[in-house]
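Asker: quick one: sequence plus predicted model below, questions after.
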Amino acid sequence: MSSTPLIPAAELAARAGVANAGESAEYRKARTALLAEEIELRRHIERVAELRRALPPGHAITGDYRFEGEHGPIDFAALFGDKQTLVVYGYMFGAKRERPCPMCTSLLGAWNGEARDIQQRVALAVVAGAPQERLQAFKRERGWRDLPLYTDLNGNYTRDFRGITPDGSDMPSLNVFTRRDGTIRHFWGEEMTMATADPGQDPRGAPDPMPIWTLLDMTPEGRGTDWYPKLQYD
């Protein structure tokens, strides 16, 4: 981790020199104090990212994982393409579902807009239990052009990486894998669950992979508790 001394956040906030026309002295004082906290948050996010990057090698991937993509069957190694790192999202769109999870869909809709940029650096795959025909039909419905959707043909990946509960219910999952010197390993997986949630909050990542929450957290209404993403809006 970086050992470069950092200027105190309060000092940086005071240096920012930002002011809005017509604001009160009370507002500016409170906003500058908040800016210092935002700087501290930025620094903590980077510290956590450094700790994540410093994780020891994960376990080697040896399971029998089989998928079907838009262009036919594919094995786990092929999901990497020409990249050395692979991000896999487990989509709550199981074989018994006619329609997918709206929350997962909201996340993936945002990711679709970034997919081509993401894939300049790492490989990306969205894995679900639904048949490929149903996945592609929904992809067309949503206008997703760049998200690679794969069917988990034998269910082994979904079971091994917490994409399904013991009673057979779908669960979202997010995992990162690496391929180094010919060996594929698990690098990191999202582990925020109900058991890790704080009182009054839904389980959430840190940082949260859903851009919508970042935006809503900037508003006075916040995330709210009286709404839920929809698959279709009139």
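Answerer: Structure's in. What do you need?

Asker: so what's the most centrally placed residue in the chain up against?
Answerer: Central residue of the chain (Cα atoms, centre = their mean): residue 209, 3.2 Å from the mean position. Contacts for residue 209 (Cβ atoms under 8 Å, 6 or more residues apart in numbering) come out as 107, 174, 190. In short, each C-beta sits where N, CA and C put it, glycine included.

Asker: what about it, distance to residue 173?
Answerer: Distance, residue 209 to residue 173, using Cβ to Cβ, to the nearest Å: 11 Å.

Asker: which residues are in contact with each of the two?
Answerer: In contact with both residue 209 and residue 173: residue 190, using Cβ under 8 Å, 6+ apart.

Asker: name the helices or strands packed onto the helix ranked longest in the chain?
Answerer: In the chain, taking DSSP state H as the definition, the longest helix is helix 25-53. With contacts taken as 3 or more Cβ pairs under 8 Å, 6 or more residues apart in numbering; DSSP states H and E, helix 25-53 sits against helix 9-15.

Asker: so what secondary structure elements neighbour the helix it packs on?
Answerer: If contacts are counted by 3+ Cβ pairs under 8 Å, 6+ apart, helix 9-15 sits against helix 25-53.

Asker: the helix it packs on: what's the following helix or strand?
Answerer: As assigned by DSSP states H and E, the chain's next helix or strand after helix 25-53 is strand 66-69.

Asker: now what about the helix or strand that that following strand is followed by, what contacts it?
Answerer: Following strand 66-69 in sequence order, the next helix or strand is strand 72-75 (DSSP H and E). Here strand 72-75 makes contact (Cβ under 8 Å, 6+ apart) with 65-68, 150, 153.

Asker: neighbouring strands for whichever helix or strand comes after strand 72-75, and are they parallel or not?
Answerer: Once strand 72-75 ends, the next helix or strand along the chain (criterion: DSSP H and E) is strand 85-90. When pairs are called by DSSP bridges, strand 85-90 turns out to pair with strand 123-128 (parallel), strand 173-180 (antiparallel).
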